[in-house]
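1. attaching a predicted model along with its sequence, questions to come.
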Amino acid sequence: MDSLILALDQGTTSSRSILFDRSGNIVAQAQREFTQRFPNPGWVEHDAQEIWDTQWATILEVVSKANVPHRRIAAIGITNQRETTVLWDRATGVPVAPAIVWQDRRTAPFCQRLIEQGHESRVAAVTGLRLDPYFSGTKLRWLLDHTPDGHERASRGELAFGTIDSWLIFKLTGGAVHRTDASNASRTLLLDLKTATWSQEMLDLFHIPQACLPEVVPSSMGVSQAPLADISGHQIPITGIAGDQQAALFGQGCFQAGMAKNTYGTGCFLLMNTGTAPQISKNQLLSTIAWDCGGRHYALEGSVFTGGAVVQWLRDGLGLIANAPEIESLAAQVPDTAGVYLVPAFTGLGAPYWDPQARGTIVGITRGTTRAHLARAALEAIALQSAEVLKAMQADAAQPITELRVDGGASANNALMQFQADILQVPVVRPAVTETTALGAAFLAGLGIGLWSDTDEVARAWQVNRRFEPSQTMQWAEERLNGWVRAVERSRHWAV
Ligand code: ADP
């Protein structure tokens with residue numbers, strides 16, 4: 001009987017477990033949502049215990065649904081919401097405070113102070129990241145500051161810090177193992193990107209004792225190095241670990257430098273494999289470890305804050321459509337936007353602008369503008385924003401993108417995917433299995449146990465659903481991008 005891989009996909013709103021077979025097909029899955037807490041403006045918290053409870057419940061459920069003997073589950077792969085910060089008591093395994101979620105902005109004043117003190121360029125050079133509350137380092141500092149004797153207890157090794165991967169590994173091993181993988185560690189502001197080891201310089205800057213940090217391990221490892229999870233009395237090795245976006249890049253089979261993926265969800269998350277050496281961005285992108293799997297790969301990363309969410313706004317805010325898929329037929333009523341651009345800077349602009357003061361705008365409206373033009377402009381805005389991030393990546397990496405692999409809810413929209421290919425002038429490729437995050441964790445875990453011998457074999461398990469070839473000229477694409485850049489200028493620095 002064929003071995004199966006259990007992928008644990010611990011996301012921002014739900015915990016999921018998916019069983020994959022050797023062909024990358026889904027055998028069974030289970031999902032549980034958990035509570036989002038917003039105790040103060042700008043604060044977002046999770047209960048780490050509830051995260052563990054829901055994750056554990058989905059493990060039991062998926063095994064029971066698949067109705068397979070435990071011994072067929074050859075390995076576990078973990079992928080997780082990144083940057084979310086947990087601090088727990090090493091002896092009792094109990095969190096000392098609510099987990100601070102990646103979206104939480106409470107450490108913005110601390111980041112601002114460090115920027116004013118001139119630390120930003122050094123932080124970027126060492127970690128590849130920006131001084132932003134998004135990342136774990138300042139969240140951990142906040143937790144240590146607000147826990148009684150936090151710094152002292154952490155220095156004595158009594159408190160353990162982890163991103164969600166570390167927390168799940170700790171719980172799955174009954175508190176025996178405190179580890180994180182290189183991709184997750186590269187989101188903390190505490191890791192030296194070049195060596196994949198904790199940076200003493202950053203630990204000093206953020207005032208974090210090394211004794212509370214997990215050991216950094218590869219994203220894929222053999223059984224002899226892997227921690228063992230106890231699943232109902234069966235010991236299953238955890239041979240794959242990666243943060244969600246890096247796992248998706250892996251699950252899209254982007255193993256070579258120059259390969260890129262875009263996830264079209266609420267926002268858009270773009271990552272490009274840049275090869276085996278880190279590229280520090282000159283175009284406001286993040287530089288991150290993609291994975292350590294028989295050698296480290298690096299990636300450039302950029303995100304668009306409002307992606308598919310602009311479609312929700314058309315539905316809920318304007319009432320132009322009844323459901324998200326309807327935007328495709330409405331937009332198809334007109335051949336183009338007739339010069340209308342919609343910049344959905346509802347919460348500011350992400351990469352490459354990083355302008356928190358930008359706000360949404362619609363320009364180029366004439367008496368002839370209809371709801372179909374607006375729908376089309378909204379759809380095109382998702383692709384135009386993504387194209388700007390990809391162009392910044394190409395400039396940084398000095399490497400052309402050969403194709404863009406896509407996933408996420410809005411990648412189901414064929415018109416959007418065709419427009420994306422036209423505007424980028426590269427093929428856009430949608431895979432058969434769009435659960436690329438969980439699939440990436442399964443691939444990493446399966447490589448560890450030799451289920452696939454190498455990434456070439458993994459690449460063969462990755463199947464195409466549809467390929468969108470560019471159908472417009474370069475000049476056409478440039479005209480639209482130029483118009484877009486002018487529209488974005490009108491949205492910037494608006495809120496005061
Ligand atoms: P998330 O994981 O961020 O919740 P999903 O990957 O589930 O996001 O994608 C949901 C998003 O995709 C929503 O913002 C929705 O408006 C958008 N979406 C879903 N279907 C379509 C479609 N056919 N065309 C355009 N956008 C869509």
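-> Now that the structure is in, tell me what you want to look at.
2. how about the nearest residue to Q425 once chain neighbours are set aside, what does it touch?
-> With sequence-adjacent residues excluded and distances taken as Cβ to Cβ, 6 or more residues apart in numbering, Q425 is closest to P470, at 5.0 Å. Just so you know, the C-beta spots here come from the backbone N, C-alpha and C atoms, and that holds for glycine as well. P470 makes contacts with 421-422, 424-427, 477, as judged by Cβ atoms under 8 Å, 6 or more residues apart in numbering.
3. how near is P470 to I449?
-> Distance check for P470 against I449: by Cβ to Cβ, to the nearest Å, it reads 40 Å.
4. just A57 next, same as before
-> Here A57 is placed at a distance of 25 Å from I449 (Cβ to Cβ).
5. what do you get for F110?
-> Per Cβ to Cβ, F110 is found 42 Å from I449.
6. ok so, going back, out of the contacts of P470, which is nearest to K391?
-> Here the nearest of the contacts of P470 to K391, counting by Cβ to Cβ, is L424; it sits at 8.4 Å.
7. give me every residue that touches that closest one.
-> Going by Cβ under 8 Å, 6+ apart, L424 touches 387, 390, 401, 404, 470, 477.
8. ditto for W494
-> By Cβ under 8 Å, 6+ apart, the contact set of W494 is 345, 357-359, 361.
9. please identify the helix or strand for W56.
-> helix 48-66 (DSSP states H and E).
10. same question, N40
-> For N40, there is no host helix or strand (DSSP H and E).
11. and the residue of the chain found nearest the ligand, what's its pLDDT?
-> Of all residues in the chain, G409 sits closest to the ligand, at 2.1 Å by Cβ to the nearest ligand atom. G409 carries a pLDDT value of 90.
12. so among the contacts of L424, which ones count as buried?
-> Neighbour-count burial (16 or more other Cβ atoms under 10 Å) applied to the contacts of L424 gives 387, 390, 401, 404, 470, 477.
13. from those residues, which land in helices?
-> Among the buried ones among the contacts of L424, DSSP state H puts 387, 390, 477 in helices.
14. follow-up on the earlier one: and of the contacts of L424, the nearest to P335?
-> A477 (16.1 Å).
15. tell me who's in contact with the closest one.
-> Residues in contact with A477, defined by Cβ under 8 Å, 6+ apart, are 422-425, 470.
16. can you tell me which two in those residues are farthest apart?
-> Within the contacts of A477, two members stand farthest from each other by Cβ to Cβ: I423 and P470, at 8.6 Å.
17. tell me who's in contact with E116.
-> If a contact means Cβ under 8 Å, 6+ apart, then E116 has no contacts.
18. and for L228, nearest residue in space, chain neighbours not counted?
-> Nearest one to L228, counting by Cβ to Cβ, 6+ apart, is Q235 at 4.3 Å.
19. mind checking pLDDT for the one you found?
-> Per-residue confidence (pLDDT) for Q235: 94.
20. could I get the phi/psi values of it?
-> Backbone torsions of Q235, given as degrees, to the nearest 10, read phi -90, psi 110.
21. surely it touches A229?
-> Yes. Q235 lies in contact with A229 (Cβ atoms under 8 Å); the separation is 7.3 Å.
22. before we move on, the earlier item: got the CA coordinates for the helix holding W56 in CSV?
-> Only the C-alpha atoms of helix 48-66 are listed here, as CSV (Å, rounded to 0.1, in the frame of the first residue of the first chain):
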residue,chain,number,x,y,z
ALA,A,48,-2.3,29.4,21.1
GLN,A,49,-4.0,26.7,23.1
GLU,A,50,-7.1,26.9,20.8
ILE,A,51,-4.8,26.8,17.8
TRP,A,52,-3.4,23.6,19.1
ASP,A,53,-6.8,22.1,20.1
THR,A,54,-8.3,22.8,16.6
GLN,A,55,-5.2,21.5,14.8
TRP,A,56,-5.3,18.3,16.9
ALA,A,57,-9.0,17.8,16.3
THR,A,58,-8.4,18.0,12.5
ILE,A,59,-5.6,15.5,12.7
LEU,A,60,-7.9,13.0,14.4
GLU,A,61,-10.7,13.8,12.1
VAL,A,62,-8.7,13.4,8.8
VAL,A,63,-7.2,10.1,9.9
SER,A,64,-10.7,8.8,10.8
LYS,A,65,-12.3,10.1,7.6
ALA,A,66,-9.6,8.5,5.4
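23. what separates that helix from the chain centre, distance-wise?
-> Remark: helix 48-66 is offset 22 Å from the chain centroid, using Cα atoms, centre = their mean, to the nearest Å.
24. buried residues in that helix?
-> By neighbour count with 16+ other Cβ under 10 Å, helix 48-66 contains the buried residues 48-52, 54-56, 58-59, 61-63, 66.
25. what sits against L314?
-> Counting by Cβ under 8 Å, 6+ apart, L314 makes contact with 320-321, 327, 374-375, 378.
26. per-residue pLDDT, the spatially most distant residue from the centre of the chain?
-> Centroid-distance maximum for the chain: R367 at 41.3 Å, with Cα atoms, centre = their mean. R367 carries a pLDDT score of 97 in this model.
27. so where is the stretch 151-300 of the chain shaky, pLDDT-wise?
-> Along the stretch 151-300 of the chain, no part satisfies pLDDT under 70.
28. all helices for it, in order.
-> Using DSSP state H, counting those that start in this stretch, the helices found in the stretch 151-300 of the chain span residues 164-172, 182-185, 200-206, 244-251.
29. packing partners for the second one?
-> Secondary-structure packing of helix 182-185 (3 or more Cβ pairs under 8 Å, 6 or more residues apart in numbering; DSSP states H and E): strand 215-217, strand 234-243, strand 286-292.
30. what does the third one give?
-> Packed against helix 200-206, as judged by 3+ Cβ pairs under 8 Å, 6+ apart, are the following elements: helix 120-127, helix 136-145.
31. and the last one with helix 120-127, angle?
-> With axes from the mean of the first three to the mean of the last three Cα atoms, to 10 degrees as the criterion, the two stretches helix 136-145 and helix 120-127 enclose an angle of 100 degrees.
32. residues in contact with helix 136-145?
-> 83-85, 87, 96-97, 100, 104, 106-107, 110-111, 133, 150-151, 154, 159, 161, 163, 187-190, 202, 206-208, 212.
33. picking that back up, dump the helices of the stretch 151-300 of the chain to JSON lines, plus mean neighbour count and distance to the ligand.
-> Converted to JSON lines, those look like this (neighbours: other Cβ atoms under 10 Å; distance: least, Cβ to the nearest ligand atom, whole Å):
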{"stretch": "helix 164-172", "mean neighbour count": "26", "distance to the ligand": "16"}
{"stretch": "helix 182-185", "mean neighbour count": "30", "distance to the ligand": "19"}
{"stretch": "helix 200-206", "mean neighbour count": "16", "distance to the ligand": "30"}
{"stretch": "helix 244-251", "mean neighbour count": "31", "distance to the ligand": "10"}
